[in-house]
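Asker: structure for this input, please:
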Amino acid sequence: MTNEAKVGIFIVIVIIIFIILSVQIGELSFTKKDTYTMTMVFSSVEGLKRGSPLELAGVDVGTVTGISLNKDYSAVVTAAIYDDIRLPINSSASIATKGVLGDKIIILTPGVSENTIKPGGNLARTTVPPSVDHILMQIGELAENLAELTGALNSTFGDEDALRNIINNISRFSEDSAALVSQNQENISVTISQLREITDNFAMVSQDLAGTSADFGEIIGKINSGNGTMGRLINDEALYLSTMGFMENIQQFTSRLNEDNTIAMLLNDSELYYDIVAIAENIRFITDQLSQGRGTMGHILVDEELYQQLNEAIRNANLAAQGIEEQLPITVMGTILGLIW
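Answerer: You can find the predicted model right below:
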């Protein structure tokens, strides 16, 4: 076999392998699918190019067919989506990196709306990940901040010996704290138990307050519905009218008291009022004198001996009256006989 034949066979094998690989990775297809156009707007499409795939759940659903600059300096991406893929209108698109070489693709995330994007429509929700340059810039800023922090720590704590002393002091403090806790473990346990009791009491109080508020709400509901005395007082229209009538009667009564009559004079005549006060004071004075045994009536009311003498005199008077009554017929009979004889 000649060298030309070998080279030809090698070229044919390479072409076959290239075709197989192209079919496997999806960049070459012998069957063309129907597609429809959809646009997306990104703030930046760095690394994205025509022919970049669009993936939905890891499956190719279209390709980028064009990239243009918008009037507001944003990037407009035109994509061809397979006709059997209908995306909800609240779907989103983001630019991502695929593979070791860093190829850019568009990842589609479906929404939940029942309405879908029509052919020629726009997918409004788009996100752009930070670029590699931006990430490297942030890493550089972070490194600068760490360097400044290290310098500040060195200026604050001094050399290695000072830092070692600080660490030793911290270690000694932790040991002392552990010893203190160990010595007062019983007190700490009592304190913790007391705190637990306090929290339990607070929980019980909160439950009681919740029950009280519920009861209060029930009472308010009953009052609003007209149940009970208070409910009837607040919601009963007839009772309200009766109360208003009673208040009107009270007002009429007070107005009558202010008119020219005896009660009005008693209430409005100050001279008569002071006379009544003087009479009341005199009566109080007389009763005080009687209770203290002053004067004849006071002696009669208070002196026990005088009281007994009066009772004895009254008893003797009654006996004398009875004797006169018994002797009166004999005296009359003697007088008559004396006149006859």
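
Asker: check which helix or strand covers residue 96.
Answerer: strand 92-98 (DSSP states H and E).

Asker: and that strand, which strands flank it?
Answerer: Paired with strand 92-98 in the same sheet, following DSSP bridges, are strand 103-109 (antiparallel), strand 125-127 (parallel).

Asker: and the following helix or strand past the shortest one with strand 92-98, angle?
Answerer: In this case it means strand 125-127. From strand 125-127 onward toward the C-terminus, using DSSP H and E, the following helix or strand is helix 132-157. Relative orientation of helix 132-157 versus strand 92-98 (axes from the mean of the first three to the mean of the last three Cα atoms, to 10 degrees): 80 degrees.

Asker: hey, where'd the helices end up in the stretch 151-300 of the chain?
Answerer: 160-183, 185-225, 228-235, 237-257, 262-268, 270-292, 295-302 (DSSP state H, counting those that start in this stretch).

Asker: out of these, which gets nearest to residue 40?
Answerer: helix 185-225 (54.2 Å; Cβ to Cβ). Quick note: C-beta positions are derived from backbone N, CA and C, even for glycine.

Asker: report the distance from the closest one to the chain centre.
Answerer: Between the centre of helix 185-225 and the centre of its chain there are 16 Å (Cα atoms, centre = their mean, to the nearest Å).

Asker: show me the contacts for residue 40.
Answerer: 76, 77, 79, 93, 106, 122, 123, 126 (Cβ atoms under 8 Å, 6 or more residues apart in numbering).

Asker: got phi/psi on it?
Answerer: Residue 40 has phi and psi values of phi -140, psi 150 when expressed as degrees, to the nearest 10.

Asker: report pLDDT for it.
Answerer: What the model reports for residue 40 is a pLDDT of 88.

Asker: try residue 24
Answerer: So residue 24 comes in at 58 (pLDDT).

Asker: same question, residue 5
Answerer: 76.

Asker: for the helix or strand encompassing it, buried residues please.
Answerer: Residue 5 is part of helix 3-25, with elements assigned from DSSP H and E. Residues of helix 3-25 include none that count as buried (16 or more other Cβ atoms under 10 Å).

Asker: re earlier: worst average pLDDT in the helices of the stretch 151-300 of the chain?
Answerer: Minimum mean pLDDT among these: helix 262-268, a mean of 60.
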